[in-house]
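Trainee: Let's see this in three dimensions:
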Amino acid sequence: MGPVDLSPPEDDARAAVEAAVRASYGRLLALLATWCGDLALAEDALADAVERALRTWPEAGVPANPEGWLHRVARRRALDVLRSSARRTSRPLDDDAAVGSEADPAEADPDALPDRRLELLLVCAHPAIDPAVRAPLMLQTVLGLDAARIATAFAVPNATMAQRLVRAKRRIRDARIPFRVPGRDELDRRLPAVLEAVYGAYTIEWARTSGPTVRESLAVEARELALVLSGLLDDAEALGLAALLCLSSARLGARVTGGVHVPLDEQDTRRWDAGLVEQGEALLRRAHGHGDPGRFQLEAALQSAHCARARTGRTDRVAVLRLHRALARVAPTLGAEVALAAATAHVEGPRAGLDLLGPLADRCRAFQPYWATRGDLLARAGEAAQARTAWARAVDLTTDPPSRRYLEGRLASLG
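Mentor: Residues are numbered from 1 along each chain as shown. Below you'll find the model as predicted:
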């Protein structure tokens, strides 16, 4: 039997369901989960509501407020499950006690669905949740990504990722982790874990994904998470993270040409996304003035300094070096120290950069950026033999095909 043509009402209904889910999945799931305290139950109830919409909207028509309809149906489904569970355990279910005393906002006002995604993000990054599953859990619950897609991006078997997500949701339920925004002191302690998880989703080693489509899509999803955070929370570092991901995402399309990695300084600025640059700059301006800048604000400022080349035609190397020094003080990671050496070399010469790399050698035996940077600085300093050794080591440590081709080309250029 060939494919069945859908009638126009079915087309319209399916499009309406897809639009509602795409626009409001995270908000609906967060609202349901904060109400019932069970993330898995909320997901199942929302999936059931979507299925019912696909069945009933073609005949009954698309409701005036699709999101409110999905919320009401999902909430009633969850309540049925809770009542059934209470009967099986011979425990009377008091609706208010079991699922909170909050009235259904969609019943009182079908246009008023509060945004509880911040609570959901904070639950996903709770100390009781394994740090390795925090970012995948956020991607699934807030953005609606399926476990298979997340597993591919994180280079984990589908079944393994699915089990991790199920265990995390069970942990949230069994530990009765509250879906709420904590007080300022606790929020300040928890927020860094949320920001790190979102940043981690963005900076996954691209070579461990299955090509540029997954690479780009995961970057887009992580950026969307950062924008959700920046919109829900008036926090300088949340704004800084959103700015950072917008500015760095703006250059994704220019990173590879002909299957070969293109270094930042050599990228064609006409291929950068001007809209994302503008959005990132606006977020960075909003973050400015909230006291001493943190790691993400500094990293965003660095991206902004590089993106300025699209306007001025040059990179302010002194400003970039100043920002790298500040970043190395605030967040003295291995990557920050190697990047500082590279920035120093641009201003003070390759020998000055090599002097900064020297003390890092023992910690960088398997750190690819160290060897790639060392090879570049040695080549610029006229030390061809040592540069060949460093770049050969960098090639061995590189699994991303475009980056590997670039380094192989640099290595071949030395003869």
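
Trainee: Hmm, Trp69 is touching Ala53, no?
Mentor: Yes: the pair Trp69 / Ala53 is scored as a contact, 7.0 Å apart, by C-beta atoms under 8 Å. For glycine as for every other residue, the C-beta is placed from the backbone atoms N, C-alpha and C.

Trainee: Now do Cys364 against Leu357, distance only.
Mentor: As for Cys364, its distance to Leu357 is 8 Å (criterion: C-beta to C-beta, to the nearest Å).

Trainee: quick one, what contacts Ala254?
Mentor: Going by C-beta atoms under 8 Å, 6 or more residues apart in numbering, Ala254 touches 262, 267-269, 271-272.

Trainee: ok, those vs Arg117, which is closest?
Mentor: Comparing these against Arg117 with C-beta to C-beta picks out Trp272 as the nearest, at 29.5 Å.

Trainee: thinking again about what came up before, can you pick the most crowded of the contacts of Ala254?
Mentor: The residue in the contacts of Ala254 with the most neighbours, by other C-beta atoms under 10 Å, is Trp272 (21 neighbours).

Trainee: Let me see the backbone angles for it.
Mentor: phi -80, psi 150 (degrees, to the nearest 10).

Trainee: now swap in Pro157 and tell me
Mentor: According to degrees, to the nearest 10, Pro157 has phi -50, psi 150.

Trainee: Then Val260?
Mentor: phi -120, psi 140.

Trainee: Do I have it right that it meets Arg405?
Mentor: Yes: counting by C-beta under 8 Å, Arg405 is a contact partner of Val260 at 4.6 Å.

Trainee: residue ranges for the strands of this protein, please.
Mentor: 256-257, 260-261 (DSSP state E).

Trainee: which residues sit against the last one?
Mentor: Strand 260-261 is contacted from outside by 255, 400, 402-403, 405-406, 409, using C-beta under 8 Å, 6+ apart.

Trainee: which of those count as buried?
Mentor: Buried subset of those (neighbour count, 16 or more other C-beta atoms under 10 Å): 255, 400, 402-403, 405-406.

Trainee: Tell me which two in those residues are the farthest apart.
Mentor: Arg255 and Arg405 (12.6 Å).

Trainee: Can you say which of the strands of the chain is nearest to Asp80?
Mentor: Here strand 256-257 is closest among these (C-beta to C-beta), at 51.2 Å.

Trainee: So what are the sheet partners of the closest one and their directions?
Mentor: Strand pairing for strand 256-257, determined by DSSP bridges: strand 260-261 (antiparallel).

Trainee: For Arg173, see how far away the nearest residue to Ala147 once chain neighbours are set aside is.
Mentor: Counting by C-beta to C-beta, 6 or more residues apart in numbering, Ala147 lies nearest to Ala162, which is 4.4 Å off, once chain neighbours are set aside. Plainly put, Ala162 is 17 Å away from Arg173 if you go by C-beta to C-beta.

Trainee: What is the neighbour count of the closest residue to Glu119 other than its chain neighbours?
Mentor: With sequence-adjacent residues excluded and distances taken as C-beta to C-beta, 6+ apart, Glu119 is closest to Phe179, at 4.6 Å. Neighbourhood size, Phe179 [other C-beta under 10 Å]: 23.

Trainee: got a list of what Phe179 touches?
Mentor: Phe179 neighbours (C-beta under 8 Å, 6+ apart): 30, 33-34, 37, 116, 119-120, 123.

Trainee: Just the pLDDT for it.
Mentor: Per-residue pLDDT puts Phe179 at 89.

Trainee: Give me the distance between it and Asp265.
Mentor: Applying C-beta to C-beta to Phe179 and Asp265 gives a distance of 46 Å.

Trainee: got it, and Ala254?
Mentor: From Ala254 to Asp265 the distance is 12 Å (C-beta to C-beta).

Trainee: how many neighbours does the residue nearest to Arg164 when sequence neighbours are not counted have?
Mentor: Computed as C-beta to C-beta, 6+ apart, the closest residue to Arg164 that is not its neighbour in sequence is Val133, at 4.7 Å. If you count neighbours by other C-beta under 10 Å, Val133 ends up with 23.

Trainee: cool, and Val166?
Mentor: 12.

Trainee: Let me see the contact set for it.
Mentor: Ala40.

Trainee: for Arg351, same thing?
Mentor: Per C-beta under 8 Å, 6+ apart, neighbours of Arg351: Ala381.

Trainee: what do you get for Phe367?
Mentor: 334, 338, 397.

Trainee: Would you mind putting the contacts of Ala254 into CSV with pLDDT alongside?
Mentor: Formatted as CSV, the contacts of Ala254 follow (pLDDT from 0 to 100):
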residue, pLDDT
Val262, 95
Gln267, 95
Asp268, 96
Thr269, 96
Arg271, 96
Trp272, 96
